[in-house]
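Peer 1: kindly return the folded structure for what I paste below:
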Amino acid sequence: MAEAGLPEFEAQGWNGLFAPKGTPPAVIAKLNAAARTAVETDAVKKRFADLSTVTPDSDEHAPEVLQKLVTRDVEKYRKMLADDAK
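Peer 2: Numbers count the residues shown, from 1 in each chain. Reported below is the predicted structural model:
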C-alpha cells in the first residue's frame with residue numbers, strides 16, 4: 001500500500017456484533033453474554049483455528065471495546081482518505 005501512495009495504511013480484519021441504536025443496555029448485555037459463551041466453545045475455537053483467526057482475549061469482548069475500535073478505524077480511514085485527496 002505504501003507503493004500505492006498510502007504509506008500509513010494498515011488493515012486488520014475483525015468481526016463484531018452490532019445492534020440498532022437505542023437497544024436497551026440489558027439486551028446488549030444479554031447478547032454479549034451469549035456471544036462470550038459461544039466464543040468459548042470448542043466448536044467456535046476450532047472454527048477460528050480452521051480459518052487462521054485469532055480468538056479474542058476475554059477483555060476484548062466488551063461492547064465498549066468494539067465501539068472504540070470502530071470509532072478509531074473510521075477516524076483513521078477518514079483522515080487517510082482526506083489526506084490522499086489533497
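Peer 1: tell me where the chain has strands.
Peer 2: For the chain, no strands are identified by DSSP state E.
Peer 1: helices along that one, start to end?
Peer 2: Assigned by DSSP state H, the helices in the chain fall at 25-39, 42-50, 63-85.
Peer 1: could the ones you listed go into a markdown table alongside mean neighbour count?
Peer 2: C-beta: built from backbone N, CA, C; applies to glycine. Formatted as a markdown table, the helices of the chain follow (neighbours: other C-beta atoms under 10 Å):
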| stretch | mean neighbour count |
| --- | --- |
| helix 25-39 | 12 |
| helix 42-50 | 11 |
| helix 63-85 | 12 |
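Peer 1: compile those helices into TSV and extend it with columns for distance to Phe9 and mean pLDDT.
Peer 2: Output for the helices of the chain, formatted as TSV (distance: least, C-beta to C-beta, whole Å; pLDDT from 0 to 100):
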stretch	distance to Phe9	mean pLDDT
helix 25-39	29	95
helix 42-50	26	93
helix 63-85	7	86
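Peer 1: Gln12: which of those is closest?
Peer 2: Among the helices of the chain, helix 63-85 comes nearest to Gln12, with 8.6 Å by C-beta to C-beta.
Peer 1: next, the angle from the closest one to helix 25-39.
Peer 2: Relative orientation of helix 63-85 versus helix 25-39 (axes from the mean of the first three to the mean of the last three C-alpha atoms, to 10 degrees): 90 degrees.
Peer 1: for Asp59, see how far away Thr41 is.
Peer 2: Applying C-beta to C-beta, to the nearest Å, the value for Thr41 to Asp59 is 19 Å.
Peer 1: so between those two, which is more surrounded?
Peer 2: Neighbours per residue (other C-beta atoms under 10 Å) separate Thr41 from Asp59, with Thr41 holding more: 10 against 7.
Peer 1: how about the contacts made by the more buried one?
Peer 2: Residues counted as contacts of Thr41 (C-beta atoms under 8 Å, 6 or more residues apart in numbering): none.
Peer 1: same check on Gly16?
Peer 2: 66, 69-70.
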